[in-house]
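Enquirer: Return atomic coordinates for the entry below.
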Amino acid sequence: MILGQVRGRVVSTAKVDNLNGKKLLVVEVVSVREHGLVRTGREMVCVDAVQAGEGELVFVVQGSSSRIAPEMRDVPTDAVIVGIIDSLQSMGEAMELHD
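Expert: Residues are numbered from 1 along each chain as shown. From the prediction side, this is the model:
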């Protein structure tokens, strides 16, 4: 799994039929460090399976795992948001995103 923050939306009027009705979001990969969560500057487009919103921390799965998420079996995707993170702890400390 990958941790990320939703940074924006992708609008596509021309796409394969299996992507119709699926929300596409830009997610920046976040790294866990001793002092907190750090932005990496790496972004990816993900299909949203959980109705995530801009600014939220999320779990992303890729590859074959992305195709076994509910309602994704026939969707041509390599990255799916499968969870919204409410809180995160590491090494006994609450982790927050640092700019």
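Enquirer: Residue 45 touches residue 23, doesn't it?
Expert: No. If you go by Cβ atoms under 8 Å, residue 45 and residue 23 don't touch, sitting 10.8 Å apart. Yep, even glycine has a C-beta here, placed from its N, CA and C like the rest.
Enquirer: Now residue 39. Nearest residue, chain neighbours left out?
Expert: Leaving aside its sequence neighbours, residue 39 sits nearest to residue 28 (Cβ to Cβ, 6 or more residues apart in numbering; 5.8 Å).
Enquirer: So what's the residue count around the one you found?
Expert: By other Cβ atoms under 10 Å, the residues close to residue 28 number 17.
Enquirer: Remind me which helix or strand it belongs to.
Expert: Element membership for residue 28, per DSSP states H and E: strand 23-33.
Enquirer: which strands and helices sit next to that strand?
Expert: Where contact means 3 or more Cβ pairs under 8 Å, 6 or more residues apart in numbering; DSSP states H and E, strand 23-33 is packed against strand 2-10, strand 36-48, strand 57-62, strand 79-84.
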